[in-house]
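Visitor: Have a look; sequence and predicted model below, questions after that.
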Amino acid sequence: MTPAFRNVLPAWLAQRVDETEAAIGFEIEVVVRPADEHLSVDLDIAYARIRTPSLERFGGGSVCHELTHIRRNLVEGVPRLDAAADIEDVEEFVLVRAAAVNEDNAIEHLVIVPEELAAFPERQPHWEEVVRRNL
């Protein structure tokens, strides 16, 4: 992670970034996308990219959350739900993949959000609002 982003994190979280990058063998990229509403992560076996609306929105709780997604998938090897590769209809594949990604994210949050709240309890109102909105 570039110093501009790493340096705004608490020291313990910056250390966790370093440990994660050492474990996955490459740098976690950070991309500023002003149109995005919140932080998110794109990852695959060869890359991990955190997207943020701005440097100001690159907060410890959100980074901890996205870093935990990266660690679970790329370090711990937790499998991700995806569409079956043998779906031949492209439109069907896209729909199944989108549904699988949404379900996978919901399942991941059962583990990730409690970990995030243990480190950043001030984020509880945010997650309560997310749950209210989703219900």
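Guide: That came in fine, so what should we check first?

Visitor: can you give me the helices in the chain?
Guide: Taking DSSP state H to define them, one finds helices in the chain at 3-6, 11-24, 60-70, 90-119, 124-134.

Visitor: Buried deepest among these, which one?
Guide: helix 60-70 (a mean of 22; mean count of other Cβ atoms under 10 Å). In short, each C-beta sits where N, CA and C put it, glycine included.

Visitor: give me the number of residues near I87?
Guide: Counted by other Cβ atoms under 10 Å, the residues lying close to I87 total 14.

Visitor: what are the phi and psi angles of it?
Guide: Here is the backbone geometry of I87 (degrees, to the nearest 10): phi -70, psi 110.

Visitor: Quick check: the gap between it and A100.
Guide: Using Cβ to Cβ, to the nearest Å, one gets 11 Å for the distance from I87 to A100.

Visitor: same question, D36
Guide: For D36, the distance to A100 - Cβ to Cβ - is 22 Å.

Visitor: Geometric centre of this structure: which residue is closest?
Guide: Residue closest to the average C-alpha location in the chain (Cα atoms, centre = their mean): E66, at 2.9 Å.

Visitor: Would you agree that residue is in contact with I50?
Guide: Yes. Judged on Cβ atoms under 8 Å, E66 makes contact with I50 at a distance of 5.0 Å.

Visitor: who touches both of those two?
Guide: With Cβ atoms under 8 Å, 6 or more residues apart in numbering applied, the overlap between the contact sets of E66 and I50 consists of 39-41.
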